[in-house]
Each structure stands twice: as structure tokens, then as C-alpha cells.
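> 3D, please:
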Amino acid sequence: MSNSVCGGTKTTARPREVPVPAEACRVMTPDDLASAVARLLGDDGKARWLEPSHGDGAFLMALREMRVPARRVWAVDLHTKRHPNDSMAQVSRGVDFLARHWVDPSRFDRIIGNPPYIAIEKLRDPLRQVAANTRDPYGHAIGARANTWYAFMLRCVQLLATGGRMGMVLPASSEYASYASQGRRCLADHFDRVDLFRFAMPPFPDAQDGNIVLIAKGYRRSGKRSSGTLRRSTVKSVDDLLAQSRARKASSRPHCNRPRRLNQNERCVGELAAVRIGAVTGDAKYFLMTESRRRELGLPIRAFRFALTKSKHASRPFVSRKDLQAMRDADDRVLLFRPPDGVLSHDRVDAYLRLPHRYGGCAKRNLKVASRSLWHRTPLPAIPDGFVSGMTSGELMISINKCPGLTATNTLFVIHKLCEFEMLDLAVGILASKARRQIARKRRWYPSGLMKIEPTELSSVRIPWPIRHASRQGYSNACELLQSGSYKEADGLIWDMIGH
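Okay, here's the model as predicted:
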């Protein structure tokens, strides 16, 4: 098996090792992207290079174009079948990079690659055990709930020589995944300079997931916090990535990675509210259904919770019982099967719980389902104060929850207040023009024309605060004006509500 990437790079040869269909992971690293990462790292004529999951050798080809000789390049891959590009490096195949013992643990000056994007839980032992036991720089095992890319990144940092550089293509989740928090801290603590380039559109032609390019330079093994820089930026293409990098290198203006100081009339969204993804069912086809499907199965309404499941469900300023009933009558999929103890003995509920997967029952082997103590109880967030769609083609807005007990699935974000204020105030603040401009810069474009923002990115948006004159009617009117493209009229109304 090679180091596979779901939505990233590389292929699989022995799929029995990883219970992920091989065809789902056959997305090759584009040659121009591999070449760009190599050029961003640069070669000094004597640097020792490592590619920890080289697959078909896109990065090796990039190094060959830079005239880096094979004697200075080492490459590792689990896939045992040789490839013609193996001649471009000293290649070790059939080897688990994470388990390999290196005689000189700090011998590499450059590490480059696109590591596997596979949940460690999906690996089989011994691969899973080795990956889960990977230690972060502070001595903690990352555990099986992390992703393989994170284990690779940490191991690569351990193999860098002092002053070394690392360039990796990572998933968008690397910027916000909770399991990688110590790794992000490590980058800030151990490198003189870190550049994170977020692609506005996925760089992989056949992939929908977002990616970032990490370029870290000036490794410090001591762990003393560097006085260097940490920069984040969005690029439209690989050519834009190189152009921005050249512009930064040419600039002599010092850059500080301290966050912008907020004025007394601004607050970050994350200071006021927690933004999280909604409930993850693990098998949406089984757990989510329409009213007509519920009636067809004869299941009692008591076995369900109401849940918003689509972006359009959060496209209105408020969600009331009347709105929810309208969605149900329109046969939208807003019913979440989550039977309480009191209805488990109901004949139809019992039959549905026992239904085999091949006849429409639950896929109980799915990771999120199998990991629950009660497989039929989807974990729910606390009752949200509001909902927002992270992926839309229009302006981002909060749909304020007016239905006790209503929840949402992970196609939406849920918002919970962290302190006492009116949810209406936060909703108005996010509509402000300065907040909309920040959101536009943080969003990523997808091939379908949709734009996506992550919870951490939304949490970092600065909004006017406090809001002095918010009203339900004013908020509704402002949302309607923005959705119709009447920005000037909307901004006038919004600033009247802000009041400063």
C-alpha cells in the first residue's frame, strides 16, 4: 500500500490494509503544484532532501528540474511496486515512514511532500498503532482520532536539521482541527518563518476539498519561540502562489504576526459566540428523512428530532415553528431519527433498528456510528441560538433559532452565545460591510461556484460592537436587501441599527 490521500495525492496497492476504497484515493499531485512547493523551499547546492510519501514521484520530478542530484534526495513509500521516477532519489519502498528508524534523526535540510489524508482510525494495525502513538513536540501521543497527515507532519519536523525547511500540501482542516492544535503551536515555536497559503479554489482538478500549502523555514530544535513571522494568505492559483511568495521575499518591510488590536467598538465573533459544525449522523441516508418517508415506514414522530440539513434551511433571518412546519409539509428532509428510550419498544421503531444494511438499514460499520455507545443516538450539540451555512453562493447571514429543540446536521454551523447579549445583535454585526469584506477574504471558492468558510475563520471576523438599535424587522429587511443585491440600501439600514 502506498501512502494514500483522499482528495490529496498518491494511490493504493494493498487496499486490505486501509478500509478505504482505493479508487477514492487516486488523485495525483499536479506537477505545477509540486514544482511550486519545491521552488518555494529552494536548494543551496548541498541540502539533503526527504519526500516521506512519494508515490509516483511528482515532487522527485520537481527536484530533478531544479537539478538536485539523486544522491541528495531520499524518498519513502509503502507501495512496493517500483516506478520509473525512483531513479531520481534513494528510494525505500514497502516501508512505513512513521515506523522507520533513522540512524541520524536530524539529517534532512529540506522535507517536501503531500502526506496521506486518512483518519488514523481507518488504518489497520500495525499502521494504526504506529500513527496513533506519534508524539507531538510536547510529548503527547496524538491518538487514533487524529489524521495521518498530522502524524506525518510531526515526524517530518523531528527529522529536520537546525535551520531546515519544510514544505507540505495539507488539507484545509489543518488550520482548525482540534487534534492538530499542538502541531500549529509547534510551527510557531520552532520556525523563524511560517507561510500558510490557502487556495481560493482546490488545486486538485477532481477534488472538492480545500488545501493549503505550508512553507516553514529556519527550524529551531531548542523550541525557543522565534521572533520571525507567521503569515496567512489566500491565493487563486499556483502561479499566484509563486507571485505572492516572490513579492514577500522582495519586500524589506518587517511583518509582525501579532493579531490586529481591536478598537473599543469592535469584537471578534469568537469572543461572543462559539461556532461549531452541526450533528454528524454517520449515515445520513438512514438517520435523516422526509415526512413522506416517515409515514411510509410507519415510524412515530416521537422517534425524531427536527433538524436543519441544507443551506437553504438557514437562508432566512429567523427559523420559527411555522417555518419548520412549512419545510415538513414541503417534504424537506428535516427529520432526524433519534429514538428515546420510551419508543424503542414500538414495533416499527424496533423493526427499523433491526433492518439489515442491504435492505436500507444503518451502516453500523461506519466510523462515526461504530464509535458510539448507542449507535442509534446521534450526538447533538447544545440547543443552538442560531444557524449559519458555511458554504453558500451569496452573503453569509445568521438564521436565529426560535424553535426550542431544533438542531442542525454538519452541513450547517451552529452558534451558541458565550455571554449575555441578544442573538439579534450578533446577527446584525455580521452583516456590517467591514465584516462582509473580511468574510469575503477568508472564503474559498469551489468549482461549483459555492464559497466556503471554516468555523475558526468565521470566529476571527471582527464586527462592530455593541449594536445599539437592532430590531427584528430591521434585520429581516437588511437580509432581504442583501439577498437582492441592494447593498447601498442594506448598508444604510445596518449602520442605523449599529448606531456608532
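> Leaving out chain neighbours, which residue sits closest to residue 301?
Spatial nearest neighbour of residue 301, excluding adjacent residues (Cβ to Cβ, 6 or more residues apart in numbering): residue 294 at 7.2 Å. For glycine as for every other residue, the C-beta is placed from the backbone atoms N, C-alpha and C.
> The one you found: which element?
helix 291-297 (DSSP states H and E).
> Neighbouring strands - and their directions - for the very next helix or strand once past that helix?
Downstream of helix 291-297, the first helix or strand assigned by DSSP H and E is strand 304-308. Paired neighbours of strand 304-308 in the sheet (DSSP bridges): strand 335-337 (antiparallel), strand 407-408 (parallel).
> can the ones you listed go into TSV with extra columns for mean neighbour count and mean pLDDT?
Shown next, in TSV, are the strands paired with strand 304-308 (neighbours: other Cβ atoms under 10 Å; pLDDT from 0 to 100):
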stretch	mean neighbour count	mean pLDDT
strand 335-337	23	97
strand 407-408	28	96
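> got those strands as CSV, with distance to residue 143 columns?
Listed next are the strands paired with strand 304-308 as CSV, based on distance: least, Cβ to Cβ, whole Å:
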stretch, distance to residue 143
strand 335-337, 28
strand 407-408, 27
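> for those strands, which one sits closest to residue 179?
Shortest distance between residue 179 and these, using Cβ to Cβ, is found for strand 407-408: 22.9 Å.
> Residue 303 touches residue 347, doesn't it?
No - the pair residue 303 and residue 347 fails to qualify as a contact (Cβ atoms under 8 Å) at a distance of 11.8 Å.
> And the strands in the stretch 51-200 of the chain, which stretches?
Under the criterion DSSP state E, counting those that start in this stretch, strands of the stretch 51-200 of the chain are mapped to 73-77, 90-93, 108-113, 160-171, 191-199.
> Tell me which of the strands paired with strand 304-308 approaches residue 92 most closely.
Between the strands paired with strand 304-308, strand 407-408 lies closest to residue 92; by Cβ to Cβ that is 46.9 Å.
> starting at the chain centroid, how far to the closest one?
20 Å (Cα atoms, centre = their mean, to the nearest Å).
> same question, stretch 157-176
Here stretch 157-176 is found 17 Å from its chain centre; the criterion is Cα atoms, centre = their mean.
> mind saving the C-alpha coords of it as PDB?
The C-alpha trace of stretch 157-176 is given here as PDB (Å, rounded to 0.1, in the frame of the first residue of the first chain):
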ATOM      1  CA  VAL A 157       9.600  18.200  12.000                       C
ATOM      2  CA  GLN A 158      11.500  15.700  14.100                       C
ATOM      3  CA  LEU A 159      13.800  14.800  11.200                       C
ATOM      4  CA  LEU A 160      14.700  18.400  10.200                       C
ATOM      5  CA  ALA A 161      18.200  19.700  10.800                       C
ATOM      6  CA  THR A 162      18.700  23.000  12.500                       C
ATOM      7  CA  GLY A 163      17.900  25.800  10.000                       C
ATOM      8  CA  GLY A 164      16.000  23.300   7.900                       C
ATOM      9  CA  ARG A 165      12.900  23.900   5.800                       C
ATOM     10  CA  MET A 166       9.600  22.100   5.300                       C
ATOM     11  CA  GLY A 167       7.000  22.400   2.500                       C
ATOM     12  CA  MET A 168       3.800  20.400   2.600                       C
ATOM     13  CA  VAL A 169       0.400  20.300   0.900                       C
ATOM     14  CA  LEU A 170      -2.100  19.900   3.700                       C
ATOM     15  CA  PRO A 171      -5.900  19.700   3.900                       C
ATOM     16  CA  ALA A 172      -7.800  22.900   4.900                       C
ATOM     17  CA  SER A 173      -8.700  21.200   8.200                       C
ATOM     18  CA  SER A 174      -5.100  21.600   9.300                       C
ATOM     19  CA  GLU A 175      -5.900  25.200  10.100                       C
ATOM     20  CA  TYR A 176      -8.700  24.500  12.600                       C
END
